[in-house]
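K.L.:
here are the coordinates; sequence isn't available:
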């Protein structure tokens with residue numbers, strides 16, 4: 001995972017997040033509050049610019065004191081030939097790794113843009 005706000009440091013540890021593919025309406029259905037920006041909607045389809053939503057823990061850890069909406073991220077190294085994703089929203093953190101675990105940074109992608117439906121750890 002690489003955020004465009006970070007200087008490219010070959011010795012730095014890349015941020016690690018849980019990446020979850022969801023359908024539009026996911027956050028509303030689970031009652032996960034929107035903190036900033038928006039969640040996924042009809043604009044977010046295959047062939048359109050890639051967008052992502054992050055949770056509050058990712059915003060706190062990787063964008064301290066900043067609004068991350070409008071920033072970009074890559075699923076991979078900064079030099080990787082993979083597309084940039086625009087962060088369009090921040091949602092409340094959940095405990096996807098277990099109720100006894102603190103919230104983990106999470107990036108959400110919308111099924112309509114990427115397909116699938118898995119939870120994975122990316123760095």
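P.N.:
Right, received. Where do you want to start? These numbers were taken from a predicted model, which means no experiment stands behind them.
K.L.:
From now on I want contacts and neighbour counts done on CA atoms only, so please keep to that.
P.N.:
OK.
K.L.:
Low-confidence bits of the protein, can you list those?
P.N.:
1-15, 76-80, 115-123 (pLDDT under 70).
K.L.:
How are the helices of it distributed by residue range?
P.N.:
26-30, 56-62, 111-114 (DSSP state H).
K.L.:
In a markdown table, list those helices along with distance to residue 93 and mean neighbour count.
P.N.:
Converted to a markdown table, those look like this (distance: least, CA to CA, whole Å; neighbours: other CA atoms under 10 Å):
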| stretch | distance to residue 93 | mean neighbour count |
| --- | --- | --- |
| helix 26-30 | 11 | 11 |
| helix 56-62 | 5 | 19 |
| helix 111-114 | 20 | 18 |
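K.L.:
The closest residue to residue 83 other than its chain neighbours bridge partners, please.
P.N.:
With sequence-adjacent residues excluded and distances taken as CA to CA, 6 or more residues apart in numbering, residue 83 is closest to residue 74, at 6.5 Å. Legend: beta-bridge partners of residue 74 under DSSP bridges are residue 2.
K.L.:
Number of residues surrounding residue 74?
P.N.:
19 (other CA atoms under 10 Å).
K.L.:
Check whether it really touches residue 82, as I assumed.
P.N.:
Yes. Counting by CA atoms under 8 Å, residue 82 is a contact partner of residue 74 at 6.9 Å.
K.L.:
distance of the residue nearest to residue 83 from residue 114?
P.N.:
Applying CA to CA, to the nearest Å, the value for residue 74 to residue 114 is 14 Å.
K.L.:
What of residue 100?
P.N.:
31 Å.
K.L.:
center of this protein, which residue is that?
P.N.:
Computing the C-alpha centroid of the chain and ranking residues by CA atoms, centre = their mean puts residue 107 first, at 2.2 Å.
K.L.:
quick revisit: same list, the helices of the chain, but as a markdown table with distance to residue 86 please.
P.N.:
Output for those, formatted as a markdown table (distance: least, CA to CA, whole Å):
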| stretch | distance to residue 86 |
| --- | --- |
| helix 26-30 | 18 |
| helix 56-62 | 14 |
| helix 111-114 | 13 |
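K.L.:
how about those, which one is nearest residue 91?
P.N.:
Nearest of the helices of the chain to residue 91, taken as CA to CA: helix 56-62 at 6.0 Å.
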